[in-house]
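Peer 1: sharing a sequence plus its predicted fold:
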Amino acid sequence: MKITNRKSTARLKRIFFLVSVVIAIAALMLFWFDLTIYALIMIGVFSLWFLFFLVADYQYIEYIDENDKIILRYYKAVGFTQKEFSSIEFPVALLKDAQFENSIFGKLSDLTLIVKTKRGVAEYPSISLSAVPYKNRKQIQQSLQSLLDM
């Protein structure tokens, strides 16, 4: 099974940058018309806008569970820096647990994969599934649960 959130990530990027440009132009126009206090308020609005996307931690996700392997590729979807791709790949037999943590009424979700190693149990860093549609999150959860039950 292959699950990706390419379309929703692209839509989130467009929304983020479009609203950011509108806020920046509004702030510049307010500075131009010598309405400094309102321009500073717009800068504050932009700060809150950016903080929201920082906290939500929207990420591009590609989940593949084929050929007795689990592959999870991801990167931060919204930001002003260059994309840093990360990838997790391991045989299904090493999967010990998959923990889903939901917050803010299930809107923000994190996945933590726990695997068996030669030295014991290892936990991968949490991956945000916030940008993944709910239906696809459920498919990932069911897929991992079925692999754990094997």
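Peer 2: Right, received. Where do you want to start? Predicted model only: the values in this text are computed from it and were never measured.

Peer 1: quote the end-to-end distance of stretch 121-138.
Peer 2: End-to-end distance of stretch 121-138: 25 Å, with Cα to Cα, to the nearest Å as the criterion.

Peer 1: ok now it, how far from the chain's centre?
Peer 2: On the basis of Cα atoms, centre = their mean, to the nearest Å, stretch 121-138 sits 8 Å off its chain's mean C-alpha point.

Peer 1: same check, this time on stretch 61-78
Peer 2: 12 Å.

Peer 1: avg pLDDT for it?
Peer 2: Averaged over stretch 61-78, pLDDT sits at 93.

Peer 1: please name the residues that touch K116.
Peer 2: By Cβ atoms under 8 Å, 6 or more residues apart in numbering, the residues touching K116 are L94, L95, K96, A122. From N, CA and C alone the C-beta is placed, and that goes for glycine too.

Peer 1: chain neighbours aside, what residue packs nearest to L111?
Peer 2: Take L111 and drop its neighbours on the chain: the residue closest to it by Cβ to Cβ, 6 or more residues apart in numbering is I127, 4.9 Å away.
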